[in-house]
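Chemist: Only the shape, not the letters, is given here:
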């Protein structure tokens, strides 16, 4: 996994509108890059709505929020529209971003293992380096912790 102080791995992906987004587009700003398993599932919805509800506080601090999951742009668009999410979601169906940030891992649930996204958040400093890492995130209270850290 990238470490604090490392240059953040490059990202180029389509957003919920099918537009290409590059992480380098946000140099000079603090970026909260959060990885989640799947659109419109209970934990992921709660986390996204938490970022939505505190969006004004993040933007007041000049922070950009980017969510990443293996879902495609069309699923992201439905998710954004359903919950009125004011930030960008990036599609990673090939899991290249998840693998670059080492959040695509083997997970175990009810005695069965499968590959999936380990819920994680990276705070990227204006210079493009990683300033803070939250790994194996528990949704409850997470957004408040991220907001405190930026």
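Modeler: Received, thanks. None of the values given here were measured: they were computed from a predicted structure.
Chemist: The helix or strand bottoming out on mean pLDDT in the chain packs against which elements?
Modeler: Within the chain, no helix or strand scores below strand 104-109, which has a mean of 85 by mean pLDDT, DSSP states H and E. The helices and strands touching strand 104-109, judged by 3 or more CB pairs under 8 Å, 6 or more residues apart in numbering; DSSP states H and E, are strand 112-117. (Each C-beta comes from the backbone N, C-alpha and C, glycine too.)
Chemist: Given the strand it packs on, what are its sheet partners and their directions?
Modeler: strand 104-109 (antiparallel) (DSSP bridges).
Chemist: Would you state the strands of this structure in chain order?
Modeler: All strands of the chain, identified by DSSP state E, fall at 12-14, 20-22, 30-35, 63-69, 88-91, 104-109, 112-117, 120-124, 130-134.
Chemist: Any figure for the gap between residue 138 and residue 74?
Modeler: 29 Å (CB to CB, to the nearest Å).
Chemist: repeat for residue 127
Modeler: From residue 127 to residue 74 the distance is 34 Å (CB to CB).
Chemist: just to revisit the earlier point, can you list the residues that contact the least confident helix or strand of the chain?
Modeler: 95, 98, 113-118 (CB atoms under 8 Å, 6 or more residues apart in numbering).
Chemist: can you give me how far it is from the chain middle?
Modeler: 18 Å (CA atoms, centre = their mean, to the nearest Å).
Chemist: for stretch 69-86, same thing?
Modeler: 13 Å.
Chemist: now do stretch 53-65
Modeler: 14 Å.
Chemist: pLDDT averaged over it - what is it?
Modeler: Averaging pLDDT along stretch 53-65 yields 97.
Chemist: gap between the residue lying closest to residue 137 once chain neighbours are set aside and residue 32?
Modeler: Distances taken as CB to CB, 6 or more residues apart in numbering place residue 119 nearest to residue 137, at 4.2 Å, with adjacent residues excluded. Between residue 119 and residue 32 the computed distance is 13 Å (CB to CB).
Chemist: just residue 84 next, same as before
Modeler: In terms of CB to CB, residue 84 sits 18 Å off from residue 32.
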